[in-house]
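Undergrad: pasting the structure only:
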């Protein structure tokens with residue numbers, strides 16, 4: 001079926017899409033597919049080969065993704081993506097390949113095999129041998145599931161594909177599938193060589209048959225028109241049917257409708273009818289005699305031109321008897337001409353036959369057409385237009401005749417959409433390249449989205465880190481500020497406390513000084529004081545006032561024996577009393593009570 005083979009448009013090579021296949025298998029993520037929650041260890045990934053073998057052996061038409069979703073097993077992300085890519089490629093192939101739906105569906109079941117191989121090999125799943133075979137399926141674009149022998153040939157080959165793929169599943173390698181594809185290509189080359197001879201032989205045969213049909217139908221149309229509605233003698237009818245129909249047919253075959261022999265034969269047919277029908281010839285007896293004298297010789301002359309031999313003598317005997325009877329003026333026995341002809345079929349349209357211009361049918365030659373829809377559709381190849389009969393020769397593309405159809409019938413069927421041109425086919429390589437390109441675009445978009453999301457997350461994390469650091473710095477600054485404030489408050493409180501204590505001490509000192517001054521003023525001669533020793537090992541010294549010198553404000557003390565004289569200025573003595581190194585005896589209790597009262601008042605005032 002390679003005749004008029006479509007040239008596929010330029011498509012990317014396997015090398016151009018192979019890298020993208022691996023990128024898609026590793027990177028794409030499709031919603032609602034059973035991806036694992038995380039990266040699985042190799043031992044945790046389920047073996048899907050038994051499941052795929054079962055689906056292939058049963059020749060199931062469902063998607064691989066549906067199959068793996070229907071079982072509760074752990075699949076790796078690569079397995080899920082391989083199933084999705086295989087489904088996507090074959091779904092597009094089913095819609096755009098242009099092959100018969102039954103054939104496309106059989107091929108699309110390879111999705112199970114391709115999913116298995118892509119998971120293992122990635123881009124290597126689509127070997128050159130496999131792709132070449134899948135592209136060559138376009139040769140079968142005219143295949144229809146007609147149940148005929150040529151239809152079963154392909155089905156038998158596809159049954160062999162089932163066996164080859166099953167063997168690959170069992171062995172774990174692709175050898176059997178590769179061998180099948182190579183054998184298919186070899187068989188295809190042999191079929192194409194044989195088909196060329198069959199097509200040429202069929203064309204020559206049908207061209208001859210068309211020419212013969214034209215000659216036969218034209219002669220019948222002429223005779224039918226001449227006999228229609230006429231009552232003629234039986235010998236005239238028999239001569240026309242037994243001899244003259246063949247002569248007209250042969251003249252059309254030999255020389256066509258424009259030849260002299262055909263024109264003479266047509267004219268003699270009209271004269272035979274005119275002579276045999278009294279309603280025509282009785283109106284002109286002179287002409288009847290004239291025609292009767294010449295018609296026999298003219299019939300013999302035309303016959304010899306066509307067949308190159310003399311007309312048998314007995315053929316004209318009936319005509320001659322009729323002529324004699326008519327010339328005598330006798331009334332011959334008449335019959336309905338067409339009824340006497342029996343089941344004579346004729347079509348008057350052949351009398352106005354005119355083949356369409358070449359420009360009208362040339363665009364359709366060598367094209368495929370489809371009748372019906374879906375699995376019931378039938379495909380046929382417009383192999384040739386037969387201008388002799390204005391008929392279309394339909395074949396199955398390999399030289400097997402499917403039928404003939406007149407040009408008018410074809411135009412009517414085309415206008416009513418009972419038949420339609422076969423849409424442009426899409427080779428598998430194109431399906432693969434375009435599908436992978438689309439998926440690679442989606443994968444790249446997802447990758448950029450993931451990178452953008454990761455960058456956004458990184459930027460957000462950096463912002464959060466900076467915000468946290470800034471918040472920490474603000475917290476520390478606030479803490480330091482609070483600590484400084486507290487420190488300032490503590491320092492101020494401490495300074496206030498120290499100031500208060502100093503003030504209290506100063507007040508206490510002043511009070512003590514005032515009391516001490518009073519005590520000093522109150523010491524009378526003979527009054528005693530006790531002076532604490534400078535060294536801890538000594539004992540306090542008791543002294544008695546011996547002399548008070550008012551002019552110099554000096555007091556002179558002596559011990560009990562009047563010896564060990566010591567002098568104190570009033571201020572020094574006051575200072576000693578305030579510091580507690582000197583006590584005034586006799587008045588010390590009073591001094592202590594007074595001092596306690598003073599200190600108590602000061603404390604109450606502070607609280």
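TA: All right, it came through fine. All figures in this text were calculated on a predicted structure; none of them were measured in a lab. Numbers count the residues shown, from 1 in each chain.

Undergrad: Give the rounded mean pLDDT of stretch 210-223.
TA: Stretch 210-223 carries an average pLDDT of 89.

Undergrad: For it, give me every contacting residue.
TA: 240-241, 244-246, 248-250, 252-253, 257, 266, 269, 344-351, 353, 386, 388-389, 391 (CB atoms under 8 Å, 6 or more residues apart in numbering). Yep, even glycine has a C-beta here, placed from its N, CA and C like the rest.

Undergrad: Which ones among those residues map onto strands?
TA: Among the contacts of stretch 210-223, the members falling in strands (DSSP state E) are 386, 391.

Undergrad: Which helix or strand lies directly C-terminal to whichever helix in the chain runs longest?
TA: As assigned by DSSP state H, the longest helix anywhere in the chain is helix 428-522. Toward the C-terminus, helix 428-522 is succeeded by strand 528-531 as the next helix or strand (DSSP states H and E).

Undergrad: Quick check: neighbours of that next one in the sheet, parallel or antiparallel?
TA: strand 541-549 (antiparallel), strand 582-584 (antiparallel) (DSSP bridges).

Undergrad: Dump those strands to a markdown table, plus distance to residue 328 and mean neighbour count.
TA: A markdown table is the format used below for the strands paired with strand 528-531 (distance: least, CB to CB, whole Å; neighbours: other CB atoms under 10 Å):
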| stretch | distance to residue 328 | mean neighbour count |
| --- | --- | --- |
| strand 541-549 | 212 | 16 |
| strand 582-584 | 206 | 22 |
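
Undergrad: Tell me which of those lies nearest to residue 474.
TA: strand 582-584 (62.4 Å; CB to CB).

Undergrad: all strands of the chain, in order?
TA: With DSSP E as the criterion, the chain has strands spanning 231-232, 335-336, 368-371, 378-386, 391-395, 401-406, 419-421, 528-531, 541-549, 554-558, 566-569, 582-584.

Undergrad: Would you format the ones you listed as TSV with distance to residue 157 and mean pLDDT included?
TA: Below are the strands of the chain laid out as TSV (distance: least, CB to CB, whole Å; pLDDT from 0 to 100):
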stretch	distance to residue 157	mean pLDDT
strand 231-232	63	88
strand 335-336	60	87
strand 368-371	20	89
strand 378-386	18	89
strand 391-395	20	90
strand 401-406	21	88
strand 419-421	27	90
strand 528-531	139	87
strand 541-549	142	86
strand 554-558	147	87
strand 566-569	143	86
strand 582-584	138	87
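
Undergrad: coming back round to it: pull out the buried residues from the contacts of stretch 210-223.
TA: 240-241, 244-245, 248-250, 252-253, 266, 269, 344, 346, 350, 386, 388-389, 391 (16 or more other CB atoms under 10 Å).

Undergrad: right, and the strands paired with strand 528-531 - which one's nearest residue 204?
TA: Among those, the nearest to residue 204 by CB to CB is strand 582-584 (161.3 Å).

Undergrad: what's the distance between that closest one and the middle of its chain?
TA: 115 Å (CA atoms, centre = their mean, to the nearest Å).

Undergrad: Check stretch 350-366 too.
TA: 44 Å.

Undergrad: Low-confidence ranges, the protein, go.
TA: 1-18, 375, 536-537, 587-607 (pLDDT under 70).

Undergrad: circling back: figure out which of the strands of the chain is closest to residue 307.
TA: When the strands of the chain are compared by CB to CB, strand 231-232 sits nearest residue 307, at 24.4 Å.

Undergrad: Now do the helices in the stretch 51-200 of the chain.
TA: For the stretch 51-200 of the chain, applying DSSP state H, counting those that start in this stretch gives helices covering 64-69, 77-96, 101-108, 111-121, 128-136, 149-171, 175-227.

Undergrad: Please convert those helices to CSV, extending it with mean neighbour count and distance to residue 308.
TA: Putting those into CSV (neighbours: other CB atoms under 10 Å; distance: least, CB to CB, whole Å) gives the following:
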stretch, mean neighbour count, distance to residue 308
helix 64-69, 19, 75
helix 77-96, 22, 62
helix 101-108, 18, 55
helix 111-121, 23, 70
helix 128-136, 17, 54
helix 149-171, 15, 44
helix 175-227, 17, 17
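
Undergrad: right, so of those helices, which gets closest to residue 528?
TA: Comparing these by CB to CB, helix 77-96 comes nearest, at 110.2 Å.
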